[in-house]
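> all I have is the shape, not the residue letters:
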């Protein structure tokens, strides 16, 4: 089935209940049409050699300027020419089959309310991973989907409301602790101006790639780590409070390598 035909079926099905057009349905039609421009009707992209990533944003803590950081992340990721990013400003896209046309999903959001079609969103994320799709979680994406208990299995670590959230914003050193992983091989410790998150919880097995020592309590916390569960790969970093956090050349390399790694061989 051609991509254009499949998109048509996706947004036709949104009206199958006969109950009229909801805000979600209108949004779905818009994004289906928009994303349809990213692929050719023969089910191929303009350049099959590029890694295809969907960056999902549009809702976050009021202090996070996603309208500035989302396009900046896209610019960083596309800098080498081998990654193609589509930005979608609505987490409801996760309830649709459109996500399966991408190799990597980038979560750049923190939702406080559950998605309108929560069950479909959660099952789609799990199915995406089962099919070998990769995830990249940025900053407060650790706090997404609080109503979904299984999210910790996806994210590896999640936000704990009961813990101190982070050190005051400022400069600190991020130490590379895994020097042989494909994402961090050859990289050195680096300085960054950001929030040093101290608020994660979870028992899911992770491999820490980078960490930082808090100036407040003297403890060490993970700044970047990976989760490998089944066929899917997850890169999770709590760095990225604002545009200044993405100025670090090492952070930019980490993100590009993370997409390539998450996309799989």
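Cool, the structure landed. Keep in mind the model is a prediction, meaning the values are calculated, not measured. Residues are numbered from 1 along each chain as shown.
> the closest residue to residue 170 other than its chain neighbours in helix, strand or coil?
Of all residues not flanking residue 170 in the chain, residue 193 sits nearest, at 6.6 Å (C-beta to C-beta, 6 or more residues apart in numbering). Just so you know, the C-beta spots here come from the backbone N, C-alpha and C atoms, and that holds for glycine as well. Put simply, residue 193 is strand when judged by DSSP: H, G, I helix; E, B strand; the rest coil.
> name the residues that touch the helix or strand where residue 70 lies?
Assigned by DSSP states H and E, residue 70 falls within helix 66-77. For helix 66-77, the external contacting residues (C-beta atoms under 8 Å, 6 or more residues apart in numbering) are 53, 55, 57-60, 83, 85, 87, 89, 106, 108-109, 138, 240, 242-243, 246, 252, 255-256, 259.
> same thing with stretch 161-174?
By C-beta under 8 Å, 6+ apart, stretch 161-174 touches 189-201, 210-217, 223-224, 239, 241, 250.
> check stretch 128-137 too.
For stretch 128-137, contacts defined as C-beta under 8 Å, 6+ apart pick out 53, 99-100, 102-107, 125, 144, 154-155, 229-237, 255, 258-259, 261-264.
> now, the residues you listed that are in strands?
Using DSSP state E, the subset of the contacts of stretch 128-137 located in strands is 53, 104-107, 229, 232-237.
> returning to that earlier point: and the helix holding residue 70, what's buried?
By neighbour count with 16 or more other C-beta atoms under 10 Å, helix 66-77 contains the buried residues 66, 69-70, 72-74, 76-77.
> stretch 255-265 now?
Those buried within stretch 255-265 under the rule 16+ other C-beta under 10 Å are 255-263.
> now it: average pLDDT?
Averaging pLDDT along stretch 255-265 gives 94.
> next one: it to chain centre, how far?
Counting by C-alpha atoms, centre = their mean, to the nearest Å, stretch 255-265 is centred 12 Å from the centre of its parent chain.
> ok, and what's touching that stretch?
Counting by C-beta under 8 Å, 6+ apart, 51-53, 73, 76-77, 79-80, 82-83, 103-104, 106, 132, 134-136, 182-184, 226, 231, 233-235, 237 sit against stretch 255-265.
> so residue 222 sits in a strand?
Yes. Under three-state DSSP, residue 222 falls within a strand.
> tell me the pLDDT at the closest residue to it other than its chain neighbours?
Distances taken as C-beta to C-beta, 6+ apart place residue 208 nearest to residue 222, at 4.7 Å, with adjacent residues excluded. Note on residue 208: pLDDT of 97.
> which residues does residue 208 form a beta bridge with?
In this entry, residue 208 is beta-bridged to residue 225, by DSSP bridges.
> circling back: need the worst-confidence member of the buried residues of helix 66-77.
residue 66 (84).
> from residue 162, how far out is it?
Applying C-beta to C-beta, to the nearest Å, the value for residue 66 to residue 162 is 25 Å.
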